[in-house]
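Undergrad: The following comprises the amino acid sequence and a computationally predicted model.
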Amino acid sequence: MHPDLLDILRCPYCGGRLELVTSLFNRTEGNTVRDGILGCNCCVFPVVDGIPVLHLHASAVAARQHIEAAAPELALRAMAGIENDDQAERFESAVASKDSTYRDIVEALGPNFEGGYFLYRFSDPTFVVADAVVTAVAGTVLQRTGRALDACGGSGHLTRSLVRLSSTPPVLADLFFPKIWLARRFTAPGALPVCCDANAPLPFARGSFDYAMCSDAFMFIWMKRLFVSELFRAVAGSDRGTVLINHTHNQLVWSPSHGQALTPGAYRNLFETASPRMFGESRLFADVVAGRALDLSRVDEPAALAAEAALTLIASPVEGVFETHPLASSPRPAGEWRINPLFEVDDQGARLHGVLRFPNGEYEFEYGACREYLPGEVFIDKAAFQALQSGGPFEPLAELIRRRVVVELPKKYY
Ligand SMILES: [Zn+2]
């Protein structure tokens, strides 16, 4: 944990500043804290493997006791949810190997973790829309300098989009420690992970951010009213302070993983005087599939919003947000180019032949809308693909990249 993070961290309960308790066990490397105890006026919290844990769930209490007893490896096991010695051995050997992939560590964490669809995350319809919305809105707001917060950002798949948009690292906040730990190593290495509970006050100083978002998670938060006010507190005082809630389910339309969804009107009420603009996801998805521009200047009528399975709410004082945003024509690769794992590929010499195969019917039911951009069958020029993988031009494959047949994934994803 970089000490600069202490400037914006606050205790979620007393609001006080946090400091490293130097009289207790700690491991520091240069000016970064690897393991230690942070103290405020009311409480103590552990830093586990460089990640501050600012809540008091049982795992965090156990981890703090392990740090105080100078056993940081046991603290990491507690936060990773390791339950027995066999699992600990699998996890620790996967962690120690430089060759381990995201997939290797997910598998070492066991079948209860992540659900198994992470391989396809970068091409699933929810992600494709969210990525376009976040890139358009956060890009306009941050202007390459502002600080972003991805609250309930999970394994950092969208935080990765934020990292590219500003020279100030975004903060990735989530309750599930293994997810943010994976994000730091694989999906969003440029972000600052913080482990905290969205059903409590967020552990940040007022006005630490210019942009605060929550994507595909808001319907699972019980304290919705507190959480929205906390997002606004996080951006308070910034002349571009923007709050975005993306892909939250609509109580009026059933969807898989429904959560405790609200109606469009009830979501709007949570924003009180901030008057958010609300968009139906299906129309944003249609924009992305058409491949030209994302239209945030439109106003969706209440009857249209009532029929949407998922909604996006944006409150922003930045004029440029509610306009039409060209979809990025040139990808900015930071990872590695792969053929979308939803395709079964056979090598036909000069070209690769891919056939779309869903992992199972359940996946197809929830994410089948990806057929709107993923073709059932595809041919890929092998020489052009190999050139792209070794840093060559993307233009020859631009259409396949736009259609997510060829995808840019984090390094060592699987
Ligand atoms: Zn406190």
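TA: Done, it's in.
Undergrad: where along the stretch 101-250 of the chain do the strands fall?
TA: With strands called from DSSP state E, counting those that start in this stretch, the stretch 101-250 of the chain shows them at 148-151, 171-174, 192-195, 211-215, 242-249.
Undergrad: what's the closest of the ones you listed to residue 327?
TA: strand 242-249 (16.4 Å; Cβ to Cβ). Yep, even glycine has a C-beta here, placed from its N, CA and C like the rest.
Undergrad: can you give me the mean pLDDT across that closest one?
TA: Mean pLDDT, strand 242-249: 97.
Undergrad: ok, the closest residue to the ion within the stretch 301-414 of the chain to residue 231 distance?
TA: Among the residues of the stretch 301-414 of the chain, residue 315 lies closest to the ion, at 29.0 Å counting by Cβ to the ion. Separation of residue 315 from residue 231 (Cβ to Cβ, to the nearest Å) stands at 9 Å.
Undergrad: Comparing the two, which residue is more hemmed in?
TA: Ranked by neighbour count (other Cβ atoms under 10 Å), residue 315 and residue 231 place residue 231 first, with 29 against 21.
Undergrad: I'd guessed the more buried one sits against residue 243; true?
TA: Yes. Assessed by Cβ atoms under 8 Å, residue 231 is found in contact with residue 243 at 4.6 Å.
Undergrad: shared neighbours of those two, which are they?
TA: Shared contacts of residue 231 and residue 243, defined by Cβ atoms under 8 Å, 6 or more residues apart in numbering, comprise 212, 213.
Undergrad: Please name the residues that touch residue 395.
TA: With Cβ under 8 Å, 6+ apart, residue 395 has no contacts at all.
Undergrad: picking that back up, and the strands of the stretch 101-250 of the chain: which comes nearest residue 42?
TA: Closest of these to residue 42 is strand 192-195, at 18.2 Å (criterion: Cβ to Cβ).
Undergrad: which other residues reach that closest one?
TA: Contacts to strand 192-195, defined as Cβ under 8 Å, 6+ apart, come from residues 1-2, 5, 9, 48, 51-55, 60, 79, 156, 169-175, 177, 180-181, 183-184, 203.
Undergrad: Can you select the buried ones from those in ChimeraX?
TA: Paste this into ChimeraX to select the buried members of these, with burial taken from 16 or more other Cβ atoms under 10 Å:
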select :1,5,9,48,51,52,53,54,55,60,79,156,169,170,171,172,173,174,175,177,180,181,183,184,203
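Undergrad: Could you tell me how far the residue nearest to residue 38 when sequence neighbours are not counted is located from residue 45?
TA: Leaving aside its sequence neighbours, residue 38 sits nearest to residue 18 (Cβ to Cβ, 6 or more residues apart in numbering; 4.2 Å). Remark: distance between residue 18 and residue 45 (Cβ to Cβ) = 7 Å.
Undergrad: Likewise for residue 13?
TA: Counting by Cβ to Cβ, the gap from residue 13 to residue 45 is 10 Å.
Undergrad: Between these two, which has more neighbouring residues?
TA: The neighbour count for residue 13 versus residue 45, taken as other Cβ under 10 Å, is higher for residue 45 (28 against 16).
Undergrad: what residues are shared contacts of residue 18 and residue 45?
TA: Common neighbours of residue 18 and residue 45 (Cβ under 8 Å, 6+ apart) are 11, 38, 39, 52, 54.
Undergrad: Which of those residues lies at the shortest distance from residue 213?
TA: Residue 213 has its nearest neighbour among the shared contacts of residue 18 and residue 45 in residue 54, at 19.3 Å by Cβ to Cβ.
Undergrad: I'd assumed residue 196 was in contact with that closest one.
TA: Yes. Residue 54 is within contact range of residue 196, at 4.6 Å (criterion: Cβ under 8 Å).
Undergrad: which residues are in contact with both of these two?
TA: Taking Cβ under 8 Å, 6+ apart as the criterion, residue 54 and residue 196 both touch 12, 203.
Undergrad: on that earlier part again, any residues in contact with both of residue 315 and residue 231?
TA: residue 243.
Undergrad: need the contact list for whichever residue of the stretch 201-350 of the chain sits closest to the ion.
TA: Closest to the ion within the stretch 201-350 of the chain is residue 203: 9.4 Å, counting by Cβ to the ion. If a contact means Cβ under 8 Å, 6+ apart, then residue 203 has 9, 10, 11, 12, 52, 54, 194, 196 as its contacts.
Undergrad: How about the residues of this protein by the ion?
TA: 11, 13, 14, 16, 40, 42, 43 (Cβ under 5 Å from the ion).
Undergrad: Skipping adjacent residues, who's closest to the residue sitting furthest away from the middle of the chain in space?
TA: Relative to the mean C-alpha coordinate of the chain, counting by Cα atoms, centre = their mean, the farthest residue is residue 349 (37.9 Å). With Cβ to Cβ, 6+ apart as the criterion, residue 349 has its nearest non-adjacent residue at 7.5 Å, and that residue is residue 382.
Undergrad: So that neighbour sits against residue 346, correct?
TA: No. With contact defined as Cβ under 8 Å, residue 382 and residue 346 do not form a contacting pair (11.4 Å).
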